[in-house]
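Novice: give me a 3D structure for the following:
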Amino acid sequence: MIISPCISICKIDPSTGYCYGCGRNYEEKKIWKSENTTDEWKKENLEIIKKRLSGWQLESFEESYTYKIENGISLFKKKGLKNE
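Specialist: Residues are numbered from 1 along each chain as shown. Alright, predicted model coming up:
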């Protein structure tokens, strides 16, 4: 199972249509949620996402996504939970 690239920073850039957190557009988010979406498509989409992001945004995404894969929660949510 491929973990969703959502890192809990869900804001869409109005000029590109891509999420600031994960780099996906609305249609890609819908496809990720479909039970018919293959792991192959998800792997390919992850590569596309990484090509869209650059600099600190790519570094932040990779750090948080890796953390989510390893711990089951995004780094953003973890840090938010600590502050409560």
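
Novice: how many other residues sit next to Leu77?
Specialist: Rather than Leu, residue 77 is Lys. 16 (other Cβ atoms under 10 Å). Any C-beta I mention is one placed from the backbone N, CA and C, and that applies to glycine too.

Novice: and for it, nearest residue in space, chain neighbours not counted?
Specialist: Ser8 (5.0 Å; Cβ to Cβ, 6 or more residues apart in numbering).

Novice: pLDDT value on that neighbour, please?
Specialist: You'll see Ser8 listed with a pLDDT of 92.

Novice: isn't it up against Cys22?
Specialist: No. At 9.1 Å, Ser8 does not count as touching Cys22 under the criterion of Cβ atoms under 8 Å.

Novice: so for those two, which sits in the more crowded spot?
Specialist: Each of Ser8 and Cys22 has its neighbours counted (other Cβ under 10 Å); Cys22 has more, 25 against 16.

Novice: how far away is the more buried one from Glu70?
Specialist: For Cys22, the distance to Glu70 equals 17 Å [Cβ to Cβ, to the nearest Å].

Novice: also Leu53?
Specialist: Distance, Leu53 to Glu70, using Cβ to Cβ: 20 Å.

Novice: for stretch 23-38, buried residues please.
Specialist: Going by neighbour count (16 or more other Cβ atoms under 10 Å), the buried part of stretch 23-38 is Gly23, Arg24, Asn25, Glu28, Lys29, Trp32.

Novice: hmm, who's touching it?
Specialist: 4-6, 12, 17-19, 41-42, 45, 49-50, 52-53, 57, 61 (Cβ atoms under 8 Å, 6 or more residues apart in numbering).
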